[in-house]
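A predicted structure for the sequence below; I have some questions about it.
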Amino acid sequence: MEIVVGTILTIVAVALLFVIIMGIFFTIDLFFELPYVGAQKHRIETIMKFASIKKGETVVDLGSGDGRLLYAAAQRGAKAVGYEIHPFLIGLTLVRTKLKGLTNNIWVVRQSLWKADLKVADVIFVYAKRVTMPKFEDFIYKNAAKGTRIVVNTNPFPNKKPEKTENGIFLYKV
């Protein structure tokens with residue numbers, strides 16, 4: 001009986017510690033220029049529709065978070081590259097990538113997204129606060145190849161007209 005109670009208490013303590021650590025992680029994350037916010041499932045469907053990914057294309061996710069857009073792109077045959085600086089989110093992405101059998105299609109680069117190589121991208125995913133969108137717009141249009149499709153979640157570019165918009169998702173082309 002004591003062993004069962006001890007085991008249950010240990011599991012509860014570990015779970016509580018995990019919740020506290022995650023709470024601290026996400027609270028601190030709110031103060032970054034680009035906090036982590038996972039894309040909602042219904043938006044992922046629209047994002048993928050707008051991206052029109054063809055097998056073998058390269059998709060770049062600027063601030064890839066937990067990798068949900070990388071998985072969706074890789075499952076459509078893309079080489080998916082995520083730029084992320086948070087080690088926990090990178091680890092989570094890599095574990096899920098292995099579990100989903102997508103290790104040959106997904107890469108996560110631990111560096112600032114502002115150093116991303118956009119010339120290789122056929123498609124770029126962007127999700128950021130409204131205040132950061134002018135900086136993203138400038139960065140992408142200066143560094144991406146002509147014809148690159150840009151799919152923006154929630155906050156549109158301030159100075160460009162989208163080719164298409166639906167469900168809070170915006171499609172642009174360089």
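Done, it's in. Numbers count the residues shown, from 1 in each chain.

just the helices in this structure please.
For the chain, the helices defined by DSSP state H cover 2-29, 41-51, 68-74, 87-99, 133-143.

Just name the most buried of these.
Mean neighbour count (mean count of other C-beta atoms under 10 Å) peaks for helix 68-74 among the helices of the chain, with a mean of 24. C-beta: built from backbone N, CA, C; applies to glycine.

Turn the helices of the chain into JSON lines, including mean pLDDT.
JSON lines is the format used below for those (pLDDT from 0 to 100):
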{"stretch": "helix 2-29", "mean pLDDT": "68"}
{"stretch": "helix 41-51", "mean pLDDT": "92"}
{"stretch": "helix 68-74", "mean pLDDT": "96"}
{"stretch": "helix 87-99", "mean pLDDT": "93"}
{"stretch": "helix 133-143", "mean pLDDT": "96"}
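
Would you mind saying which of these lies nearest Gln111?
Comparing the helices of the chain against Gln111 with C-beta to C-beta, the closest turns out to be helix 87-99 (10.6 Å).

As JSON lines, the helices of the chain with distance to Ile124 would be great.
Shown next, in JSON lines, are the helices of the chain (distance: least, C-beta to C-beta, whole Å):
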{"stretch": "helix 2-29", "distance to Ile124": "22"}
{"stretch": "helix 41-51", "distance to Ile124": "9"}
{"stretch": "helix 68-74", "distance to Ile124": "11"}
{"stretch": "helix 87-99", "distance to Ile124": "18"}
{"stretch": "helix 133-143", "distance to Ile124": "6"}
